[in-house]
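# sequence and computational prediction follow.
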Amino acid sequence: DVQLQASGGGSVQTGGSLRLSCRVSGVTLDDYAIGWWRRAPGTDRELVSCINAGDGETYYGGSVEPGRFTFSRGNATFTVLQMNNLQPEDAAMYSCNARDIRGITYWGQGTLVTVSS
């Protein structure tokens, strides 16, 4: 079975940093598109960042200010989302996912990020 384990959430003050990790078991991520999504209470889930399977291009969601977040593949089973200068609007439940070439998407449980002003 494919399983994703997200971790690294927590509570920080405005301007703080967090490093979220997503560890995958059951497969290696070489042929998977991978991503981080977030959902704040009362809102729809939105894309934070994703990395294409083929060309490895990294994309960031429209609500993510360029340069504050960095998404990278740590290795074949591990991804990292570095979040800097966190703002109250970044507070949300963050979830990682992986999508195979058939379009089947696997989700990990979320990790909660809270940002206090």
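Cool, got the structure.
# what's the pLDDT at residue 70?
With respect to pLDDT, residue 70 scores 96.
# got the contact list for it?
By Cβ atoms under 8 Å, 6 or more residues apart in numbering, the contact set of residue 70 is 81, 82, 84. Using the backbone N, CA and C atoms, a C-beta is placed for each residue, glycine as well.
# which parts of this structure are strands?
3-7, 10-13, 18-25, 33-39, 46-51, 58-60, 69-75, 78-83, 92-99, 105-107, 111-116 (DSSP state E).
# confidence-wise, which of those strands is weakest overall?
Among those, strand 69-75 scores lowest, with a mean of 91.
# so what are the sheet partners of that one and their directions?
Looking at strand 69-75 with DSSP bridges, its partner strands are strand 78-83 (antiparallel).
# between the two ends of stretch 95-105, how far is it?
End-to-end distance of stretch 95-105 (Cα to Cα, to the nearest Å): 12 Å.
# buried residues, it. List them.
Neighbour-count burial for stretch 95-105, with 16 or more other Cβ atoms under 10 Å as criterion, is recorded at 95, 96, 97, 98, 99.
# one more: stretch 50-61?
50, 51, 53, 60.
# next one: that stretch to chain centre, how far?
12 Å (Cα atoms, centre = their mean, to the nearest Å).
# could you export it as CSV, CA atoms only?
Coordinates of each C-alpha in stretch 50-61 appear next as CSV, following Å, rounded to 0.1, in the frame of the first residue of the first chain:
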residue,chain,number,x,y,z
CYS,A,50,3.7,20.7,-6.6
ILE,A,51,6.5,19.1,-8.5
ASN,A,52,5.9,17.4,-11.9
ALA,A,53,6.8,13.8,-12.3
GLY,A,54,8.4,14.1,-15.7
ASP,A,55,10.4,17.3,-16.0
GLY,A,56,10.6,17.9,-12.2
GLU,A,57,9.3,21.5,-12.6
THR,A,58,8.1,23.1,-9.4
TYR,A,59,5.0,25.2,-9.2
TYR,A,60,3.5,27.3,-6.5
GLY,A,61,-0.1,28.2,-5.8
